[in-house]
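In: prediction below, plus the sequence it came from.
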Amino acid sequence: MAGATPKLIKELRAKSGAGMLDCKKALNECDGDIDKSMAYLRESGLAKAAKKAGNVAAEGLISMKINDDFTKATMAEINAQTDFVAKNDNFIALTKEITEHIDTTGVSTTEELLTTTINGTNFEEYLNNNIATIGENIVARRMITVATDKGVVNGYVHANKRVGVLLAATCDESAKEKAVALLKNIGMHAAAMKPTVISYTDLDPAFVESENKAIIADIEKENEELRRLGKHEKNIPEYVSMSQLSDEVIEAAKEKMRAELLAEGKPEKIIDNILKGKIARWIEDNTQLDSTHALLTQKYVLDDKKTVAQAIADTDSSITLVEYVRFELGDGIEKKEEDFAAEVAAQMAK
């Protein structure tokens, strides 16, 4: 009997759920016999692996590889189904090997990764073999490689391996060592504070406008409760991001404050000094979105008297943050909610 043909490969894939190359190999080994090929796949653990590949993988690890001179780094999210497997030594070694492979090949998507060869084996087959060995679905979900010849890259993976941050900065040659240490610290900050962009200038205007309305509505609602309790109400901002505060807007706010101070009878000669503090507080009230989403604007967790931008400037004026990526394990994956009682009832009814 003939070995693998396109028609037989298609039939075996539909029946087993195994990968195309695995089906081709099984058919060639079994002279094109579908039943024997199915047995071959089962015995190889590949049919089992294919079945498991349909299971939701939302646990796992964030893995990172940084080269010795801090000019290139790769971060990957490798998922498994359970936290138990994520702590398994085989899985931990697998994530390291996959991350190193991503770093070497430079692939940036799961689809690209599946077309590569690792240890002389097609990556899809390599992954299926590991699924069969470990006993759970495994997915190389996200990956990124950052490289620079004008500065440094560095990153931070939290101790639980569920959050990772990768950063790149340009800097003078003399500042590289300081920049490397700083980027790791900023990575720790970003892991905890969850900024979404480097600067407020990176925020989408439509998002700013939408959040402007939402933040004001939230404060107004909170003030209703504060009034009920007889407590001091919060200031309601007009704006939420520095991107909205043009020179004209800030100047108009100053003039309004100046007029109020004069109406209160404050001496003209001290008004400018009073205005400095008032406008600083006004800007803080009117940039609440930035402190949540923009990394440079956030209070630096290692020294909350500074913003991240000030911490960078104080380290070395030549350091400029140019790239920021944060992975949180399982972010965006919808996990299936299991109804254990219903599952048991269904089994008993069979």
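Out: Here it is on my side, so go on.

In: and G32, which of the three is it?
Out: coil (DSSP: H, G, I helix; E, B strand; the rest coil).

In: wait, isn't it in contact with I9?
Out: No: with contact defined as CB atoms under 8 Å, G32 does not reach I9; the gap is 9.9 Å. For glycine as for every other residue, the C-beta is placed from the backbone atoms N, C-alpha and C.

In: where does pLDDT dip in the protein?
Out: Judged by pLDDT under 70, the chain has its weakly predicted residues at 1-2, 16-19, 42-57, 334-350.

In: domains in it, as residue ranges please.
Out: Following the assignment in automatic domain parsing, the chain carries domains at 6-52, 56-147, 200-328.

In: could you dump those domains into a markdown table and include mean neighbour count and distance to N185?
Out: Shown next, in a markdown table, are these (neighbours: other CB atoms under 10 Å; distance: least, CB to CB, whole Å):
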| stretch | mean neighbour count | distance to N185 |
| --- | --- | --- |
| domain 6-52 | 19 | 40 |
| domain 56-147 | 18 | 14 |
| domain 200-328 | 15 | 6 |
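
In: need the contact list for K36.
Out: Counting by CB atoms under 8 Å, 6 or more residues apart in numbering, K36 makes contact with C30.

In: go again using 10 Å as the cut-off
Out: Residues in contact with K36 (CB atoms under 10 Å, 6 or more residues apart in numbering) are M1, A26, L27, E29, C30.

In: ok, T287 - contacts?
Out: Y200, P237, Y239, V240, S241, M242, S243, Q244, L245, A294, T297.

In: mind checking how far it is from E112?
Out: To E112, T287 is 40 Å away according to CB to CB, to the nearest Å.

In: now, the contacts of K36 that are in helices?
Out: Using DSSP state H, A26, L27, E29 are the members of the contacts of K36 that sit in helices.

In: which residue ranges of the protein form strands?
Out: Along the chain, counting by DSSP state E, strands occupy 59-66, 72-80, 117-118, 121-122, 139-147, 151-157, 163-170, 299-300, 303-307, 320-328.

In: tell me who's in contact with the closest residue to Y156 other than its chain neighbours.
Out: Excluding its sequence neighbours, the residue lying closest to Y156 (CB to CB, 6 or more residues apart in numbering) is G187, at 3.0 Å. Taking CB under 10 Å, 6+ apart, we find G187 in contact with 64, 154-158, 163-167, 324, 326.
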